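Trainee: quick one: sequence plus predicted model below, questions after.
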Amino acid sequence: MSSLLNYKLEGEGQTIVLLHGLFGSLSNLGLLARDLVADHRVLSLDLRNHGLSFHSPQHDYQLMAQDVLSTMEALSIDHAIVIGHSMGGKVAMKLAAMAPQIVSQLIVLDMAPVAYQVRRHDDVFQGLHSVIQHKPTSRSQALDLLAKHITLDGVRQFLAKSLYNQDGHLAWRFNVDSLINNYDAILGWEPIPPTEIPTLFVKGGDSPYLQNEHQVAVVQQFTQAKAHVIANTGHWLHAEKPAEVLRAIRKFIVS
């Protein structure tokens, strides 16, 4: 069962759909949205179990792609360029397989169409649970709790964007239990049949998520794939180097 997602729709022109990654929300791709809205209609979405969208015990790519499709249909959007980062990149790729007639072009930011074997978020989950357990009343208290588990300040600041005040203490907007319970599905991937949708894979030069060994899987599933590397940047390439990412996006969507 799919429900409609929380969304922000702005601008006019050809529609671009923006899909955020794990622990994110529609504001995460805001740097891209603010530029692209100048000459496009931009639909930014909170994926299920994130932001202001509904919470569900189910969380997999089939369901998430169906959520996006249902929301697009409710808004009478029948054709769009779809851009997804990380987990949102997999949702975008699944959507392209499910509804190729509505995805005119696909842009995947730092994600491969593969099942990942490395668990990169166990420290994050420990930090999230620490906040749930201790019920901090201030952002600085929450950040101190996260710091006991998460070494990178940038990751702590990113997560803190999803804190909100619930009955006098801070809580998470995303559904921590569902994300932990479905973490294998988030890492996982069922290969899709080959699609001819023009697709751009944008890699952060220093990121481990999109590697040379993934090239076979990319080409098997995306016959019209192109690749672009943003040098000296990691997995959060759109936040670290938005100008370079936007240049790659704009060059691709007019090609």
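Mentor: That came through, no problem.
Trainee: what's residue 21 sitting at in phi/psi?
Mentor: Residue 21 adopts backbone torsions of phi -100, psi -170, taken as degrees, to the nearest 10.
Trainee: and for it, the neighbour number?
Mentor: Residue 21 is flanked by 25 other residues according to other Cβ atoms under 10 Å. (C-beta placed from N, C-alpha, C; glycine too.)
Trainee: excluding residues flanking it in the chain, which one is nearest it?
Mentor: residue 86 (3.0 Å; Cβ to Cβ, 6 or more residues apart in numbering).
Trainee: what's the one you found in contact with, if anything?
Mentor: Each residue near residue 86 by Cβ atoms under 8 Å, 6 or more residues apart in numbering is listed here: 20-22, 24, 109-111, 209, 235.
Trainee: okay, it: pLDDT?
Mentor: Each residue has a pLDDT score; the one for residue 86 is 96.
Trainee: how far away is it from residue 134?
Mentor: 28 Å (Cβ to Cβ, to the nearest Å).
Trainee: with residue 205 instead?
Mentor: For residue 205, the distance to residue 134 equals 38 Å [Cβ to Cβ].
Trainee: got the contact list for the helix or strand where residue 201 lies?
Mentor: Residue 201 is part of strand 199-204 when elements are defined by DSSP states H and E. Strand 199-204 has contacts (Cβ under 8 Å, 6+ apart) with 96, 105-112, 209-210, 218, 222, 224-230, 233-237, 240, 245, 248-249, 252.
Trainee: give me that answer again for 6 Å
Mentor: Outside strand 199-204, the residues that touch it by Cβ atoms under 6 Å, 6 or more residues apart in numbering are 106-110, 210, 222, 225-230, 233-235, 237, 248, 252.
Trainee: what subset of these is buried?
Mentor: With neighbours counted using 16 or more other Cβ atoms under 10 Å, those contain these buried positions: 106-110, 210, 222, 225, 228-230, 233-235, 237, 248, 252.
Trainee: among those residues, which ones are in strands?
Mentor: Counting by DSSP state E, those place 106-109, 225, 228-230 in strands.
Trainee: dump those residues into CSV; add pLDDT as well.
Mentor: Output for those, formatted as CSV (pLDDT from 0 to 100):
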residue, pLDDT
106, 98
107, 98
108, 98
109, 97
225, 97
228, 96
229, 96
230, 96
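Trainee: nearest to residue 198 among the residues you listed?
Mentor: Distances from residue 198 to those, taken as Cβ to Cβ, are shortest for residue 106 (7.2 Å).
Trainee: residues contacting that closest one?
Mentor: Neighbouring residues of residue 106 by Cβ under 6 Å, 6+ apart: 82, 92, 96, 197, 199.
Trainee: pull the contacting residues for the first one.
Mentor: This points to residue 82. Applying Cβ under 6 Å, 6+ apart, the residues near residue 82 are 17, 92, 103, 106.
Trainee: what's the angle from the helix or strand hosting it to strand 199-204?
Mentor: Here residue 82, judged by DSSP H and E, is contained in strand 80-85. Between strand 80-85 and strand 199-204, the angle comes out at 20 degrees (axes from the mean of the first three to the mean of the last three Cα atoms, to 10 degrees).
Trainee: who does strand 80-85 pair up with?
Mentor: Sheet pairing here is set by DSSP bridges, and for strand 80-85 it gives strand 15-19 (parallel), strand 103-109 (parallel).
Trainee: okay, these in TSV with distance to residue 29 next?
Mentor: Below are these laid out as TSV (distance: least, Cβ to Cβ, whole Å):
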stretch	distance to residue 29
strand 15-19	4
strand 103-109	9
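Trainee: just checking, residue 53 is part of a helix?
Mentor: No. Under DSSP: H, G, I helix; E, B strand; the rest coil, residue 53 sits outside any helix and is assigned coil.
Trainee: double-check it against residue 3; I have them as touching.
Mentor: No. Between residue 53 and residue 3 there is no contact under Cβ atoms under 6 Å: 8.1 Å.
Trainee: and these two? Which one has more around it.
Mentor: The neighbour comparison of residue 53 against residue 3 (other Cβ under 10 Å) goes to residue 53, with 23 against 13.
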